[in-house]
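>>> Got a predicted structure plus its sequence, pasted below:
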Protein chains: 2
Amino acid sequence: MVGSVWLTSGKGRKSRDSGLDRDKIVATAVRLLDAQGDVSMRALATELNVTPMSMYWYVANKDDLLELALDTVAGEIELPEADDDWQAGLRALAQAWRRTMVGHPWAIRCYGDYLNIGPNSMRFTQHAQAIIARSPLSKADQASALSAVFQYVYGFATNESRWLEYGRKTGRTVDEFVDDVAASVAEVPWVSVRSGVVEQKHSQSMAELRDRDFDRALDWLLAGMLA
Amino acid sequence: MVGSVWLTSGKGRKSRDSGLDRDKIVATAVRLLDAQGDVSMRALATELNVTPMSMYWYVANKDDLLELALDTVAGEIELPEADDDWQAGLRALAQAWRRTMVGHPWAIRCYGDYLNIGPNSMRFTQHAQAIIARSPLSKADQASALSAVFQYVYGFATNESRWLEYGRKTGRTVDEFVDDVAASVAEVPWVSVRSGVVEQKHSQSMAELRDRDFDRALDWLLAGMLA
DNA sequence: ACCTGAACACCGTTCAAGT
DNA sequence: ACCTGAACACCGTTCAAGT
């Protein structure tokens, strides 16, 4: 919670004598998380052909493990080339973040649980700050602007991930799943107005809708900043 | 997950013979969630002086219980008076949502887990749609605009709730907690640039910063929509 | 119609012990 | 230095049984 792996020296760089080390454990955890949406310490251990308790030699507890896993996926985010157009840069960065988060729905779920000060997360943050520094905004506005953009992106990606997870769990495509929901929801007595998502669905695929909306809102935000 | 309490007729309107009914169970769950940040079925039952298993007569499972609890807090959101100024209306609605979510951090945590089609949630949704309908935006843009605003608000409130929870758990004020984090984080080798939040902290309280940033970003978004 | 007891299949984690 | 076994204190939930 308040403690962070990154604030303790820890048993990070232990070498092995049975093929095990912290990196391997974290990598395996990420693999299982990607596959199942969650991990237990016990499942992780059996995957590694070892007793559950051996995990605790490399990692203080499950929270630490997840914090490490989270920074691992933060390392996958492609940072766009430096460019003079800060708005384009910010859009590209937001897109990159969204892309990798949607690829790891479990990550976005635990995003708020940790301080996110691992090396990869910090690399990302610094990149974002470098981009916004090229804008004409005041120092104070720059911070607000970054928060605004990434709070929006976080909200968007969270929502997007959920639909993808729903789809995966029910073994249907997202579009099919949305149809199912729409049909069920229509039966509920107090639902007289359909939600925006469901309403527009039939004209285009959810994926197209999402892409368009994502860029659109970013443009609004960026345009508003200069107004 | 994909199933929803609201899609099953369920044991909702059972009467009691030992003072128990679904409403009372849900109300108690909300009380415990507010107090501790989570509930177990077992703790809820003992709070109600009853065996864990009796819960399952009123509620199919824990997910259903939480879905009901979530709609209960959705009922606390104060819907602003109808007004011709749609931007003011949207801002007021966003503020109201933020206020009640920050009061129930557990709620925002499970917000994405359910379909949110309970009566109170739908009342909220319809109110939002009524407000945006008064804007000059096209039908399609109206849906995008609502999504954008509430995705941002969701991201903001999630972030805000986390800081408040951290503070509460460590028994410090949010400002003190931010100071603690800043001090610890400064020790981490790869942290060469401070994050926006931490950097500005000393000039004003976090609460002031948050209020200003929240309104600010909403203004940007709304301004961008008309550009 | 409502509630219980015993049980199942899980969790994360501590602690003392092995090599 | 690394790993294990047994145990503790939890979970949500099923199922058959009581009243």
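All right, it came through fine. Numbers count the residues shown, from 1 in each chain, chains lettered A, B, ... in the order given.
>>> who's in contact with the closest residue to A:Leu137 other than its chain neighbours?
Excluding the flanking residues, the one nearest A:Leu137 by CB to CB, 6 or more residues apart in numbering or on different chains is A:Ala145, at 5.9 Å. Where you see a C-beta, it was placed from the backbone N, CA and C, and this is true even at glycine. By CB atoms under 8 Å, 6 or more residues apart in numbering or on different chains, the contact list for A:Ala145 reads A:132, A:135, A:137, A:225, B:220.
>>> Just the angle for the helix or strand containing A:Ala145 relative to helix B:139-170, thanks.
In this assignment (DSSP states H and E), A:Ala145 forms part of helix A:139-170. Counting by axes from the mean of the first three to the mean of the last three CA atoms, to 10 degrees, helix A:139-170 points 100 degrees away from the direction of helix B:139-170.
>>> So the very next helix or strand once past helix A:139-170, near chain B or not?
Using DSSP H and E, the helix or strand that directly follows helix A:139-170 along the chain is helix A:174-185. Yes. Against chain B, helix A:174-185 shows contacts by CB under 8 Å from any CB of the partner chain at A:177, A:180-181, A:184-185.
>>> For PyMOL, write the selection for the buried entries among those.
Selection of buried members from the residues of helix A:174-185 next to chain B for PyMOL, criterion 16 or more other CB atoms under 10 Å in any protein chain shown:
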select buried, chain A and resi 177+181+184+185
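>>> Compute the number of surrounding residues for A:Ala186.
10 (other CB atoms under 10 Å in any protein chain shown).
>>> I'd like to know how far it sits from A:Leu137.
Note on A:Ala186: its distance to A:Leu137, by CB to CB, to the nearest Å, is 46 Å.
>>> Ok, A:Met41 next?
Separation of A:Met41 from A:Leu137 (CB to CB): 45 Å.
>>> Quick check: phi and psi at the residue in chain A sticking out farthest from the centre.
Relative to the centre of chain A, the most outlying C-alpha is that of A:Pro189, 35.4 Å out, by CA atoms, centre = their mean. Phi and psi for A:Pro189, reported as degrees, to the nearest 10, are phi -60, psi -40.
>>> so how far is A:Ala133 from the nearest residue to A:Arg172 once chain neighbours are set aside?
In space, and not counting its chain neighbours, A:Arg172 is closest to A:Asp180: 7.0 Å by CB to CB, 6+ apart. Separation of A:Asp180 from A:Ala133 (CB to CB) stands at 46 Å.
>>> Thought A:Asn159 was touching A:Phe214, still the case?
No. With contacts counted by CB atoms under 8 Å, A:Phe214 stays clear of A:Asn159, the gap being 10.4 Å.
>>> quick one, which of these two is more surrounded?
Remark: of A:Phe214 and A:Asn159, A:Phe214 carries more neighbours, 23 against 20, as counted by other CB under 10 Å.
>>> Quickly find the element holding A:Val73.
helix A:62-74.
>>> Then A:Ala107?
Taking DSSP H and E as the criterion, A:Ala107 maps to helix A:105-109.
>>> before we move on, what about A:Asn49?
Counting by DSSP H and E, A:Asn49 is part of no helix or strand.
>>> Backbone dihedrals for it, both of them.
Dihedral angles (degrees, to the nearest 10) for A:Asn49: phi 60, psi 50.
>>> Kindly provide the distance from it to DNA strand C.
As defined by CB to the nearest atom of the strand, to the nearest Å, A:Asn49 lies at a distance of 16 Å from DNA strand C.
>>> pLDDT value on that residue, please?
On the pLDDT scale, A:Asn49 is placed at 96.
>>> and if you look at A:Trp163?
pLDDT, A:Trp163: 88.
>>> surely it meets A:Met206?
Yes. Using CB under 8 Å, A:Trp163 is in contact with A:Met206, at 7.0 Å.
>>> contacts for stretch A:206-222?
A:87, A:90-91, A:94-95, A:98, A:148-149, A:152-153, A:156, A:160, A:163, A:174-175, A:178, A:197, A:200-201, B:144-145, B:147-148, B:151-152, B:217, B:220-221, B:224-225, B:227.
>>> just these that are near DNA strand C?
When CB under 7 Å from any atom of the strand is applied, no member of the contacts of stretch A:206-222 is adjacent to DNA strand C.
>>> Drop anything exposed from those.
Neighbour-count burial (16+ other CB under 10 Å) is assigned, among the contacts of stretch A:206-222, to A:87, A:90-91, A:94-95, A:98, A:148-149, A:152-153, A:156, A:160, A:163, A:174-175, A:178, A:197, A:200-201, B:144-145, B:147-148, B:151-152, B:217, B:220-221, B:224-225.
>>> Enumerate every residue touching the closest residue to A:Trp163 other than its chain neighbours.
Spatial nearest neighbour of A:Trp163, excluding adjacent residues (CB to CB, 6+ apart): A:Val174 at 5.3 Å. Each residue near A:Val174 by CB under 8 Å, 6+ apart is listed here: A:163-164, A:166-167, A:206-207.
>>> Retrieve the pLDDT associated with A:Val174.
85.
>>> what ranges of chain A fall below the confidence cut-off?
Low-confidence segments of chain A (pLDDT under 70): A:1-2, A:9-17, A:192-203.
>>> how about a cut-off of 80?
Applying pLDDT under 80 to chain A flags residues A:1-3, A:9-18, A:83, A:168, A:191-206.
>>> tell me the domain boundaries of chain A?
In the domain annotation for chain A, the residue ranges read A:1-76, A:79-225 (the TED database).
>>> what's the first-to-last distance across stretch A:170-189?
25 Å (CA to CA, to the nearest Å).
>>> sorry, back to before: report the buried members of the contacts of A:Val174.
A:163-164, A:166-167, A:206.
>>> Spit out the residues that contact A:Trp163 and A:Met206 alike.
A:174, A:178.
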